[in-house]
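In: show me how the following folds:
(chains A, B and C)
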Amino acid sequence: MEAISSLMLQEGWRKGPWTALEDRLLTEYVQQHGEGSWNSVAKLTGLRRSGKSCRLRWVNYLRPDLKRGKITPDEETVILQLHAMLGNRWSAIARCLPGRTDNEIKNYWRTHFKKARPSRRARAQLLHQYQLQQQEQRRQYLQSLHLLQQQQQLQLLQQQNQQLLMSQQQSPPEPDHQAVMATVSNDSLQDCSPASTAEHCTLPDDDDALLWDSLWRLVDGDGSSGGEY
DNA sequence: AATAAAGCCAACCGCGGTTCG
DNA sequence: TCGAACCGCGGTTGGCTTTAT
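Out: Next up, the predicted model:
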């Protein structure tokens, strides 16, 4: 029974901008009962708003200790410093700025300091640029790996040839020079060609967040990206 | 003057932590 | 101990206002 009436209430919740009457009802409720028990606001005042909505309205708009007006340069400095230390912990930042809400600070940060998301076209260009750079880095890495392997195999061959010569001086020669050469198979090198490996190294399309995070670091060139998107 | 783009902010949503019966 | 209710937080959205073309 309780569940049913609760469900009916939920279906009747009002959403969207608050009216002056709703503000007044909520303010009166808080004056009488104090903050908290937000879910009982609807029951006691007849306000058709969820507890969550009531709390948000009170905290962000109706609270008497709220400071109205623009963020001052001093406050901006505090926001910047605290954000550098705390990251996106808006409520923690807001506690250090009396009269300002987490929502207000969050909005201020996003409009003033957050990197603007580039257009679709610009993003595509950046992505292409990023992929080309990744490909080139892999190519250079594999090339150096290839050279290293060749040097090692050359050394091995030289050692084996020396051993062979020494043993030939001591005993009759055996026809396994070719067998030694065969141990140096090109197969072991084939997979290292840049063209073939580039395919295996392509980035997963769905790992967008990670990709963009890397991309911003690349574009910024400082690695200090917040990676917020 | 019209309209598209950007700025701004209030409000909503989803999730995780805490409290309580 | 467990599950439901409550609360708070950060991220996102929608719509109004302002600015640029």
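
In: near DNA strand B, which residues of chain A?
Out: For chain A, the residues in contact with DNA strand B (CB under 7 Å from any atom of the strand) are A:14-18, A:52-53, A:56-57, A:60-61, A:70, A:103-104, A:106-108, A:111-112, A:116. C-beta: built from backbone N, CA, C; applies to glycine.

In: please narrow those to those residing in helices.
Out: Counting by DSSP state H, the part of these found in helices is A:52, A:53, A:56, A:57, A:103, A:104, A:106, A:107, A:108, A:111, A:112.

In: ok, and of those residues, which contact DNA strand C?
Out: Answer for those near DNA strand C (CB under 7 Å from any atom of the strand): A:52, A:56, A:103, A:106, A:107.

In: any idea of the pLDDT on residue A:31?
Out: Residue A:31 carries a pLDDT value of 87.

In: let me see the contact set for it.
Out: For residue A:31, the contact set (CB atoms under 8 Å, 6 or more residues apart in numbering) is empty.

In: near DNA strand C, anything from the one helix or strand it maps to?
Out: For residue A:31, the element it lies in under DSSP states H and E is helix A:20-33. No: contact of helix A:20-33 with DNA strand C is not found when judged by CB under 7 Å from any atom of the strand; the minimum separation is 10.3 Å.

In: hmm, back to that, drop anything exposed from the ones in helices among the residues of chain A next to DNA strand B.
Out: Those of these that meet the buried threshold are A:53, A:56, A:57, A:104, A:106, A:108, by 16 or more other CB atoms under 10 Å.

In: how near is the fourth one to residue A:166?
Out: Read that as residue A:104. 84 Å (CB to CB, to the nearest Å).

In: I'd say residue A:94 and residue A:109 touch.
Out: No: counting by CB atoms under 8 Å, residue A:94 sits too far from residue A:109 to count as a contact (11.2 Å).

In: any residues in contact with both of these two?
Out: With contacts taken as CB under 8 Å, 6+ apart, not a single residue reaches both residue A:94 and residue A:109.

In: which of the ones next to DNA strand C among the ones in helices among the residues of chain A next to DNA strand B sits closest to residue A:83?
Out: residue A:106 (10.2 Å; CB to CB).

In: chain neighbours aside, what residue packs nearest to the closest one?
Out: Counting by CB to CB, 6 or more residues apart in numbering, residue A:90 is the residue found nearest to residue A:106 once chain neighbours are left out, at 4.5 Å.

In: can you map out the helices along chain A?
Out: So, for chain A - with DSSP H - the helices run A:2-11, A:20-33, A:39-45, A:51-57, A:73-86, A:90-95, A:102-112, A:120-170, A:177-183, A:187-190, A:194-200, A:208-220.

In: in CSV, list the ones in helices among the residues of chain A next to DNA strand B along with pLDDT.
Out: Compiled in CSV, those are given as follows (pLDDT from 0 to 100):
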residue, pLDDT
A:52, 88
A:53, 89
A:56, 89
A:57, 90
A:103, 90
A:104, 90
A:106, 89
A:107, 89
A:108, 90
A:111, 83
A:112, 84
